[in-house]
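1. Okay, here's the prediction I keep looking at, along with the sequence it came from:
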Amino acid sequence: MKKLAVWKFASCDGCQLTLLDCEDELLRVAARVEIAYFLEASSSRDPGPFDLSLVEGSITTPEDAERIRHVRRVSKHLVTIGACATAGGVQALRDLSDVKEFLSVVYARPDYISTLERSTPISAHVPVDFELRGCPIDKRQLLEVIGAFLAGRRPVVPAHSVCVECKARGNTCVLVAHGTPCLGPVTQAGCGALCPAFNRGCFGCFGPMETPNAAALKPRPDQKVLQLYGSRSWGQRDA
Amino acid sequence: MTHKTIRVGGLTRVEGEGALLVRARAGRITDLQLRIYEPPRFFEALLRGRDFTEPPDITARICGICPVAYQMSACQALEAICGVTVDGPLRDLRLLLYFGEWIESHTLHIYLLHAPDFLGYPSGIAMARDHRPVVERGLALKKAGNELVAAVGGRAIHPVNVRLGGFYRAPTRADLAPVAERLRRARDLALETVSWVAGFDFPPVEHDYRFLALTHPGEYAILSGTPAVSDGTRFPVEDWPAHVVEEQVPHSTALHARLDGSPGYLTGALARYALNSARLSPLAREAAASAGLGPVCRNPYRSIVVRAVEVVHACDEAVRIIDGYTEPDAPAVPVTPRAGVGHGASEAPRGTLYHRYRVDDAGRIAETDIVPPTAQNQARIEEDLRALLEPRLDLPVARLTELSEQAVRNHDPCISCSAHFLDLRLDHG
């Protein structure tokens, strides 16, 4: 039976939890692939090698920069799961600041702490076979990825924007109808257009879509949508 | 044997990354460190300068297992600054969302992480090979919790529907009716869970815990309440910083919280049950009694029974709330920024979660402090480990490792819900 491993770097555990949240499918998945290394779920520790490694989290420490090389060496296929592993995650906001100053804000003894200046995606360190987007990932897409690798084919995951999902779901466009800033037009699909379905603008959990037309979101100066990637709120006060 | 070092690298079946280092000499433990090597993610620092509306979405990302806890503590702290109280049906919706998280998180811990210790399996998935109907029951129960979170919050992990003042869209009665039906079935599964775990063999261990939990006059506190300690101390949440102090302890790798000057207190299911069991729903109280729980449980292994009772309570209360739910006039009350400091605390599945924010008059965050439950419990977990290991130092290391992991798992630590655990280099000499 093929062997699956799940690895964690700097992250919240939510993407690996998504595997355990596949309540209807988990035992069937476990019947088709040996979940050989998954510290959150199992105390057995298989040294590998593994047919498929799912990697959650970003690289933020010198030790983790080493560890991901080990993971790559023992993995036939390496798939990143989620925004942290794929793009650096919310903790990559540190990249906009001075991490030494951050250290002194949070810790009384910053000298104890080992950290890198930037939070980087897995692909900045080792070759990655497939990147699954989302904060968190979508469980249907996760099952598609596992199934595809078991079958030896490429996963089928759409690269179009959230707008397409929004139309398919029959949502009212929050940007056009309500003037709510929405990153949907430039964000990759995968969530099922969740935020617009809740009368809220998309805030980009799945990251930029393939070839986004970001400039097209700009012309109405009162909306300033792109600035939302910066330090301003995208939520309540704009709604 | 005069000198012995036990190292457990990569604690398993806990959420997050931790390890244990024990040094012993002549039958005495000279050093014991529960090491957290979760890389620092600097949430408190990266919130500075950001808008006061952002912490519910950003701090949810501290922990994928209990994002609702982060959202609720954050909302309440920030609403306190703005002089807003969320009440009526909006508060009911918050309770529903939180009960959903308790159901999913507790059921995950009971079935997939903790029960395998009592039945001798490396994982819940391995356990399913011999006990498939049992594990399927657990997964069905967990799914009911996830469905409740998704019904109110949009999705099971990192819900999108929460905002200061309430929600972006309030569910209709029709949205919630099918969820109530599933929760009625889940309540039966939860009762079966209590009977199942009550039958496990528990090591006869009791610790003299000092408990801390929120208390609420009308509820088994989950969403809000007054911090109370089992020694009788109570203090308003605004006084939290005067009572709970986090510090970097030289011998250890993580911030340890001290309560009124001394370390080693416990928050979480055992604490809530000890301080609030009289306010459980009647059905949950009945389940606790039939499982043989007295008014206080000091055996950490039996925390699995307390969690199961809390799942009964969560299902029961969620059904009651949905049955009486009236749709709110607006999905949120307006919240306008003003300068000030606000405190918020709620009961994450694994213990009291405290947030404090300082905001300027433009609504920008000047300062954040987050005290997660696992930081509070860490010193106490180390004491549990010391008591467990010292009389057993002659056992083989593999067995000690297994026993230590079980003792840590008793407290369901969510190591990644550490806003600021440390990654230290240790002297292994």
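-> Here it is on my side, so go on.

2. hey, where'd the strands end up in chain B?
-> In chain B, the strands defined using DSSP state E lie at B:3-8, B:18-25, B:28-36, B:162-163, B:166-167, B:212-215, B:226-229, B:244-248, B:255-259, B:340-348, B:351-359, B:365-371.

3. Chain A now?
-> Remark: strands assigned in chain A by DSSP E are A:3-8, A:34-38, A:50-56, A:75-81, A:130-132.

4. Reformat the strands of chain B as a markdown table; add mean pLDDT and distance to A:Arg32.
-> The way it works is simple: take the backbone N, C-alpha and C, and place the C-beta from them, glycine included. Formatted as a markdown table, the strands of chain B follow (pLDDT from 0 to 100; distance: least, Cβ to Cβ, whole Å):
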| stretch | mean pLDDT | distance to A:Arg32 |
| --- | --- | --- |
| strand B:3-8 | 70 | 31 |
| strand B:18-25 | 82 | 31 |
| strand B:28-36 | 83 | 35 |
| strand B:162-163 | 98 | 36 |
| strand B:166-167 | 98 | 39 |
| strand B:212-215 | 98 | 43 |
| strand B:226-229 | 98 | 48 |
| strand B:244-248 | 82 | 45 |
| strand B:255-259 | 81 | 42 |
| strand B:340-348 | 98 | 35 |
| strand B:351-359 | 97 | 37 |
| strand B:365-371 | 93 | 40 |
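
5. Including distance to A:Leu183, could those strands go into a markdown table?
-> Shown next, in a markdown table, are the strands of chain B (distance: least, Cβ to Cβ, whole Å):
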| stretch | distance to A:Leu183 |
| --- | --- |
| strand B:3-8 | 43 |
| strand B:18-25 | 36 |
| strand B:28-36 | 34 |
| strand B:162-163 | 17 |
| strand B:166-167 | 20 |
| strand B:212-215 | 36 |
| strand B:226-229 | 39 |
| strand B:244-248 | 36 |
| strand B:255-259 | 35 |
| strand B:340-348 | 28 |
| strand B:351-359 | 25 |
| strand B:365-371 | 22 |
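
6. right, and the ones you listed - which one's nearest B:Pro67?
-> Nearest of the strands of chain B to B:Pro67, taken as Cβ to Cβ: strand B:162-163 at 9.0 Å.

7. Show me what that closest one packs onto, helices and strands only.
-> Secondary-structure packing of strand B:162-163 (3 or more Cβ pairs under 8 Å, 6 or more residues apart in numbering or on different chains; DSSP states H and E): helix B:55-60, helix B:67-82.

8. so of these, which one's packed in deepest?
-> helix B:67-82 (a mean of 26; mean count of other Cβ atoms under 10 Å in any protein chain shown).

9. picking that back up, which of the strands of chain A comes out lowest on mean pLDDT?
-> The minimum mean pLDDT among these belongs to strand A:34-38 (a mean of 91).

10. mind putting the helices and strands packed on strand B:162-163 in CSV, distance to chain A and mean pLDDT included?
-> What follows is the helices and strands packed on strand B:162-163, written out as CSV (distance: least, Cβ to the nearest Cβ, whole Å; pLDDT from 0 to 100):
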stretch, distance to chain A, mean pLDDT
helix B:55-60, 6, 96
helix B:67-82, 7, 98
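
11. ok, so what distance separates the residue nearest to the spatial centre of chain B from A:Glu144?
-> For chain B, B:Arg350 is the residue whose C-alpha lies nearest the centre (Cα atoms, centre = their mean; 1.8 Å). Distance from B:Arg350 to A:Glu144, counting by Cβ to Cβ, to the nearest Å: 32 Å.

12. How is chain A partitioned into domains?
-> A:3-151, A:162-238 (automatic domain parsing).

13. out of those, nearest to B:Pro236?
-> domain A:3-151 (25.8 Å).

14. for residue 117, what are its contacts?
-> Because you didn't say which chain, this covers chain A. A:Glu117 sits next to A:94-95, A:99 when contact means Cβ atoms under 8 Å, 6 or more residues apart in numbering or on different chains.

15. sorry, should have said chain B
-> Taking Cβ under 8 Å, 6+ apart as the test, what B:Asp117 contacts is B:405-406, B:409.

16. what does B:Glu206 give?
-> B:298-299.

17. got it, and B:Leu353?
-> B:66, B:69-70, B:73, B:345-347, B:370-373, B:417.

18. and those residues, which two are the farthest apart?
-> Pairwise over the contacts of B:Leu353, using Cβ to Cβ, the maximum falls at B:Glu347 and B:Ile370, 15.1 Å.

19. neighbour count winner among those two?
-> B:Glu347 (30 against 26; other Cβ atoms under 10 Å in any protein chain shown).

20. Leaving out chain neighbours, which residue sits closest to the more buried one?
-> Excluding the flanking residues, the one nearest B:Glu347 by Cβ to Cβ, 6 or more residues apart in numbering or on different chains is B:Ile222, at 4.8 Å.

21. Stretch B:123-135 near chain A anywhere?
-> Yes - counting by Cβ under 8 Å from any Cβ of the partner chain, chain A is contacted by stretch B:123-135 at B:123-126, B:128, B:132, B:135.

22. Chain A: which of the residues you listed is nearest?
-> B:Ser123 (3.4 Å; Cβ to the nearest Cβ).

23. Number of residues surrounding that closest one?
-> Using other Cβ under 10 Å, B:Ser123 has 20 neighbouring residues.

24. how far away is the nearest residue to it once chain neighbours are set aside from B:His411?
-> In space, and not counting its chain neighbours, B:Ser123 is closest to A:Ser42: 3.4 Å by Cβ to Cβ, 6+ apart. Distance, A:Ser42 to B:His411, by Cβ to Cβ: 19 Å.

25. And the pLDDT at A:Thr115?
-> 77.

26. In this structure it contacts A:Ser58, no?
-> No - under the criterion of Cβ atoms under 8 Å, A:Thr115 makes no contact with A:Ser58, lying 11.7 Å away.

27. Which one of those two is surrounded by more residues?
-> Comparing A:Thr115 with A:Ser58 by other Cβ under 10 Å, the one with more neighbours is A:Ser58, at 32 against 23.

28. For chain B, see how far away the nearest residue to A:Pro212 once chain neighbours are set aside is.
-> The shortest distance from A:Pro212 to any non-neighbouring residue, by Cβ to Cβ, 6+ apart, is to A:Val186 (3.7 Å). Remark: distance between A:Val186 and chain B (Cβ to the nearest Cβ, to the nearest Å) = 18 Å.

29. Which residues are in contact with A:Val186?
-> A:161, A:204, A:208-209, A:212-214, A:217.

30. of all those residues, which comes closest to chain B?
-> For the contacts of A:Val186, the nearest to chain B is A:Gly204 (10.9 Å; Cβ to the nearest Cβ).

31. what's the pLDDT at that closest one?
-> 95.

32. ok, B:Leu266 - how many residues close by?
-> For B:Leu266, the neighbour count with other Cβ under 10 Å is 29.

33. Find the nearest non-adjacent residue to the closest residue to chain A within chain B, please.
-> Here chain B gets closest to chain A at one residue, B:Gly64, 2.1 Å apart by Cβ to the nearest Cβ. Sequence neighbours aside, A:Gly14 is the residue nearest to B:Gly64 in space, at 2.1 Å (criterion: Cβ to Cβ, 6+ apart).

34. In the helix or strand of chain A with the lowest mean pLDDT, which of the residues would be classed as buried?
-> The helix or strand of chain A with the poorest confidence is helix A:99-106; it has a mean of 72 (mean pLDDT, DSSP states H and E). Neighbour-count burial for helix A:99-106, counted by 16 or more other Cβ atoms under 10 Å in any protein chain shown, picks out A:99, A:102-103, A:105-106.
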